[in-house]
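Asks: Coordinates for the following, if possible.
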Amino acid sequence: MQDYFALQLTVAAHYAAIAAVPMDVAVARCTNLRRRFKLAARDGEPRWARFLAEVRASQGSGQDLLPLCMRYFEAGRVEAGSSAFGPFSFDPPGPDGALRLHFMPAERSAASPLAPASFDERLEELRALFDAVRGQHRGARSVRGYSWLYHLPTYLRLFPPAYRRSVRTPAIAPHLTGSSVWGQVLDWRQQVKPAMREAVLSRLPAMEVEAPWRIFPLQPLTAECPIAEFDAWLRRPR
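Replies: Next up is the predicted model:
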């Protein structure tokens with residue numbers, strides 16, 4: 001993770017310079033460190049605020065902040081529990097009944113989670129996820145995703161045809177605080193892709209304050225369909 005955090009801090013430092021904001025503000029706007037530290041939930045707010053305060057107090061460069069990042073990351077990794085759904089997770093449905101689907105490979109995967117040989121295992125995890133949804137969230141009416149991953153055929157093939165057909169450019173502007181953009185920088189081993197690092201760094205001079213996400217080669221896409229489509233797809237004999 002150190003190379004990943006170093007790249008994020010470099011991007012944040014450039015944003016801080018062109019936007020004329022403190023480094024802690026840039027980190028909050030242009031990195032997904034809060035999620036990587038497992039502090040995205042409401043109960044993580046005090047520790048995230050403490051981290052930003054330490055960034056604000058630091059007089060060093062982005063590289064000097066790496067030990068601080070690794071300390072918070074290791075603390076989050078120790079406390080985090082394992083998922084029952086492999087790389088998949090979900091946010092409970094909101095008032096509109098839309099359940100938000102997420103995909104985050106494990107840090108120490110033995111093979112690519114999107115390899116052809118892993119297809120059946122991913123489907124089993126999706127079945128387990130939607131079994132849990134049916135038991136816990138009967139008000140769920142649709143499934144929604146938002147990620148750079150929808151550019152990948154190997155990811156799309158896991159989902160029902162109606163979901164694949166719905167993939168489109170989102171109406172809302174992207175953000176850099178999750179993995180919907182930052183995830184493309186990592187390979188399945190959770191290591192920074194050298195070519196992607198170079199692509200991001202080469203675009204830094206063209207960063208726009210109003211749209212810093214445009215320096216990334218792949219922009220996030222969104223998809224949505226009724227949850228009944230997932231139920232039918234996952235129960236279909238194969």
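Asks: and the spatially closest residue to L39 that is not a sequence neighbour, what does it touch?
Replies: Among residues not flanking L39 along the chain, W48 sits closest, at 4.4 Å (Cβ to Cβ, 6 or more residues apart in numbering). Quick note: C-beta positions are derived from backbone N, CA and C, even for glycine. W48 makes contact with 34, 37, 39, according to Cβ atoms under 8 Å, 6 or more residues apart in numbering.
Asks: any idea how far W48 lies from N32?
Replies: Distance, W48 to N32, using Cβ to Cβ, to the nearest Å: 12 Å.
Asks: now do M70
Replies: Where N32 is concerned, M70 sits at a distance of 15 Å (Cβ to Cβ).
Asks: ok, now E45?
Replies: Look at E45 and N32: by Cβ to Cβ, they are 16 Å apart.
Asks: Could you pull up phi and psi at the residue nearest in space to the middle of the chain?
Replies: Among the residues of the chain, the one closest to the centroid is S179, at 2.0 Å (Cα atoms, centre = their mean). With angles defined as degrees, to the nearest 10, S179 sits at phi -100, psi 0.
Asks: helix or strand right after the helix or strand bottoming out on mean pLDDT in the chain?
Replies: Comparing helices and strands within the chain by mean pLDDT, DSSP states H and E singles out helix 66-79 as the least confident, with a mean of 88. Once the chain leaves helix 66-79, the next helix or strand it forms, by DSSP states H and E, is strand 88-91.
Asks: quick one: secondary structure of E224?
Replies: In three-state terms, and counting by DSSP: H, G, I helix; E, B strand; the rest coil, E224 is strand.
Asks: Now it. Nearest residue, chain neighbours left out?
Replies: Going by Cβ to Cβ, 6+ apart, E224 has R144 as its nearest residue, at 4.4 Å.
Asks: Also G97?
Replies: R141 (3.4 Å).
Asks: now that neighbour: how far from R165?
Replies: From R141 to R165 the distance is 18 Å (Cβ to Cβ).
Asks: neighbour-wise, which of the two wins?
Replies: A direct count of neighbours by other Cβ atoms under 10 Å for R141 and R165 places R141 higher, at 14 against 10.
Asks: surely that one meets G94?
Replies: No - judged on Cβ atoms under 8 Å, R141 makes no contact with G94 at a distance of 10.5 Å.
Asks: Identify the element of secondary structure that the nearest residue to A40 once chain neighbours are set aside sits within.
Replies: With Cβ to Cβ, 6+ apart as the criterion, A40 has its nearest non-adjacent residue at 5.6 Å, and that residue is R34. Using DSSP H and E, R34 sits within helix 33-36.
Asks: wait, A6 sits on L65?
Replies: No - using Cβ under 8 Å, A6 is not in contact with L65; the gap is 9.2 Å.
Asks: Neighbour count: these two, which is higher?
Replies: Neighbours per residue, other Cβ under 10 Å: of A6 and L65, the larger number sits with L65, 24 against 17.
Asks: quick check: domain ranges of the protein?
Replies: Domain segmentation of the chain under automatic domain parsing yields 2-81+171-215, 88-169+221-235.
Asks: thinking again about what came up before, contacts for the helix holding R34, please.
Replies: So helix 33-36 is in contact with 1, 4-5, 8, 27-28, 40, 44, 48, 51, 69, 72-73, 76, 177-179, going by Cβ under 8 Å, 6+ apart.
Asks: what do you get if the cut-off is 10 Å, keeping everything else the same?
Replies: By Cβ atoms under 10 Å, 6 or more residues apart in numbering, the residues outside helix 33-36 that reach it are 1, 4-5, 8-9, 12, 27-28, 39-41, 44-45, 47-48, 51-52, 55, 65, 68-69, 72-73, 76-77, 102, 104, 177-179, 182.
Asks: Write a PyMOL command that selects only the buried members of those residues.
Replies: Restricted to buried positions by 16 or more other Cβ atoms under 10 Å, the PyMOL selection for the contacts of helix 33-36 reads:
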select buried, resi 1+4+5+8+9+12+27+28+39+40+44+47+48+51+52+55+65+68+69+72+73+76+102+104+177+178+179+182
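Asks: Kind regards, and thank you for your time.
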